[in-house]
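1. Predicted structure and sequence below. I'll ask about it afterward.
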Amino acid sequence: MAAKKYKILYVTSEIVPFVKTGGLADVSSALPQMLMELGHEVRIVVPKYGAVDDRKFKIHEVVRLKDIHIKIGEKDVIFSLKSCFLPGQKVRVQIYFLDNHEYFGSRNSLYVDPFTGEDYPDNDERFILLTNAVFELISKLGWIPDIIHCNDWQCGLVPAYLKNLYKDNELFTKFKTVFTIHNLAYQGMFPKSSFQKTGMPEELNSDKGLEIYGKINFMKSGLLFADVINTVSETYANEIRTDDELGAGLKNVLSKRKNDLFGIINGIDTNVWNPEKDKLLPKKFSSKNLAGKLENKEELARKFGFEFKENIPIIGVISRLLDAKGMDLVSEIFPELMKLDVQMILLGTGERKYHNFFEKMSVKYRGKFACYLGFNDELAHLIEGGSDILLMPSRYEPCGLNQMYSLVYGTVPIVHETGGLADTVIKFSDKNEEGNGFVFRPYEGEALLKELKRALKTFEDKKTWTKIMRNGMKCDFSWTSSAKKYIELYKTVLNNE
């Protein structure tokens, strides 16, 4: 008997190549494509922000989805759903763009007002509109999905509407909801008065419902009402329901749902991140032929004015420059680090204090430490391709991608044991020579420095180091394996009826 093919409506607030603030945009493009390649039917709903170019992407009107009227609280709102296909892919994934000038079209920025640096004050109404659009789309098209796959707080009301507002609607009893947490720290919290705008029954305007700490919380809504919840690594799934800090105020809600909480690691785009095909590298290479990696190292050293030394490791850092990414530990151990026989290159952007710190250090330790403060995709590829070691000491990391890129590029990661880092980097053991990287805990400068020194000692033994590199390059982080796990998750929730 052939495996059942599912119809999946994938709801997200960002997607490449249209709009992106973080990893969610990459996942929202890659996962639906892979699900389609595996034979399922996927359609995507996403807001049409001002930065999305109609002409470039051939976005067109759909007669049945034009000028839809709804109410948000007392306010009359009109919107349309326009359509196009995800560009440049083997499979044709259809996208529906939520088109409304006031809430989305008039703004290029996604969630934060660029003039004030604060969240838009009407983010509640903007994502209540996205929620309504999902149900209008299904009823007007008559396309009934098996699964509505919701992502992060922006889609957190969808499961609540389904279980409360639409529980008696025949059309909407057929499907189940999956809610994916990409980062629990961002929750969509609004004043209690926002509840009235949702149109949901008043009893949910309480601790038992959407309220927590006196605020309405869209993330909590998704956690309470989705049929299953998943997050982007198994370790992070455990951390958020057991650790007060990582549970970010929602630990108790999550621990009550622990039987419905799963972890599936994100994949990486192997068309873009693959040392055998990478057009941005001076020299392509593979685990069978590592010579090219050395040429990339030489080019990387030259680019930053370092003397190229084959036997001195280059440590790469590609990161947002924030405390949460472990930059507090890096700056704490920096003087000790510079006493070691290493060269170090950092690429990133973030807090002003770290910009100032790393700029000073690049002057003080010229020839040994260099930084590029900004975003540069080509340079990211060269650092992954040319470094010996990648340093990624995040305090917490739901999934993380750079450690996976570095593993497939034979760049050995040093990571803090948390979230997706713990699930993808296996601590190298001197005894049995297994493992693909170096891992430290507790989250302290001293522990990081100790593991870093262990890595440098191992680097001196070329044979062992090459084995660690190859262990990493053998890992399969393709979206195929992640997508298959999502299909299993859909199957689980649909069989639970």
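-> Done, it's in.
2. Map the structural domains onto the sequence of this structure.
-> Domains of the chain are assigned by automatic domain parsing as 7-267+479-495, 291-473.
3. Endpoint to endpoint, the longest one covers what distance?
-> Across its full length, domain 7-267+479-495 reaches 15 Å between end residues, using Cα to Cα, to the nearest Å.
4. chain center to the helix ranked longest in the chain: distance?
-> Looking across the chain with DSSP state H, the single longest helix is helix 123-141. Relative to the centre of its chain, helix 123-141 is centred 23 Å away, using Cα atoms, centre = their mean, to the nearest Å.
5. What of stretch 190-202?
-> Per Cα atoms, centre = their mean, the centroid offset for stretch 190-202 relative to its chain is 29 Å.
6. Give me the buried positions along that stretch.
-> By neighbour count on 16 or more other Cβ atoms under 10 Å, the buried set for stretch 190-202 is Phe190, Ser194, Phe195, Lys197, Thr198, Gly199, Met200. Just so you know, the C-beta spots here come from the backbone N, C-alpha and C atoms, and that holds for glycine as well.
7. same check, this time on stretch 489-497
-> Quick answer for stretch 489-497 (16+ other Cβ under 10 Å): Leu489, Tyr490, Val493.
8. pLDDT and secondary structure for those residues - can I get that in JSON lines?
-> Listed next are the buried residues of stretch 489-497 as JSON lines, based on pLDDT from 0 to 100; DSSP: H, G, I helix; E, B strand; the rest coil:
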{"residue": "Leu489", "pLDDT": "97", "secondary structure": "helix"}
{"residue": "Tyr490", "pLDDT": "97", "secondary structure": "helix"}
{"residue": "Val493", "pLDDT": "94", "secondary structure": "helix"}
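9. Can I get stretch 103-122 as CSV, trimmed to CA atoms?
-> Coordinates of each C-alpha in stretch 103-122 appear next as CSV, following Å, rounded to 0.1, in the frame of the first residue of the first chain:
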residue,chain,number,x,y,z
TYR,A,103,-0.8,46.4,8.2
PHE,A,104,1.9,45.0,5.8
GLY,A,105,2.2,46.7,2.4
SER,A,106,3.1,50.1,3.8
ARG,A,107,6.1,48.6,5.8
ASN,A,108,9.3,47.1,4.7
SER,A,109,10.3,46.0,8.1
LEU,A,110,8.7,42.8,9.5
TYR,A,111,8.1,43.2,13.2
VAL,A,112,10.1,46.3,14.4
ASP,A,113,9.6,49.9,13.5
PRO,A,114,13.0,51.0,12.1
PHE,A,115,12.4,54.6,13.3
THR,A,116,11.8,53.7,17.0
GLY,A,117,13.6,50.4,17.3
GLU,A,118,10.5,49.1,19.1
ASP,A,119,8.0,46.4,18.0
TYR,A,120,5.1,47.8,15.9
PRO,A,121,2.3,48.7,18.5
ASP,A,122,-0.3,47.0,16.2
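10. quick revisit: which secondary structure elements does the longest helix of the chain contact?
-> strand 7-11, strand 41-47, strand 68-72, strand 75-85, strand 94-99, helix 157-164, helix 195-198 (3 or more Cβ pairs under 8 Å, 6 or more residues apart in numbering; DSSP states H and E).
11. So for the shortest one, mean pLDDT?
-> Just to be clear, that refers to helix 195-198. In this model, helix 195-198 has a mean pLDDT of 97.
12. what residues does whatever helix or strand comes next after that helix touch?
-> From helix 195-198 onward toward the C-terminus, using DSSP states H and E, the following helix or strand is strand 211-212. For strand 211-212, contacts defined as Cβ atoms under 8 Å, 6 or more residues apart in numbering pick out Lys192, Phe195, Asn205, Asn217, Lys220, Gly249, Leu250, Val253.
13. Go again with 10 Å.
-> Residues outside strand 211-212 that contact it (Cβ atoms under 10 Å, 6 or more residues apart in numbering) are 187, 189, 192, 195, 204-205, 217, 219-220, 249-250, 252-253.
14. about what we covered before: now do the longest helix of the chain against strand 7-11, angle only.
-> Relative orientation of helix 123-141 and strand 7-11, computed by axes from the mean of the first three to the mean of the last three Cα atoms, to 10 degrees: 160 degrees.
15. That's all I had, so thanks and see you.
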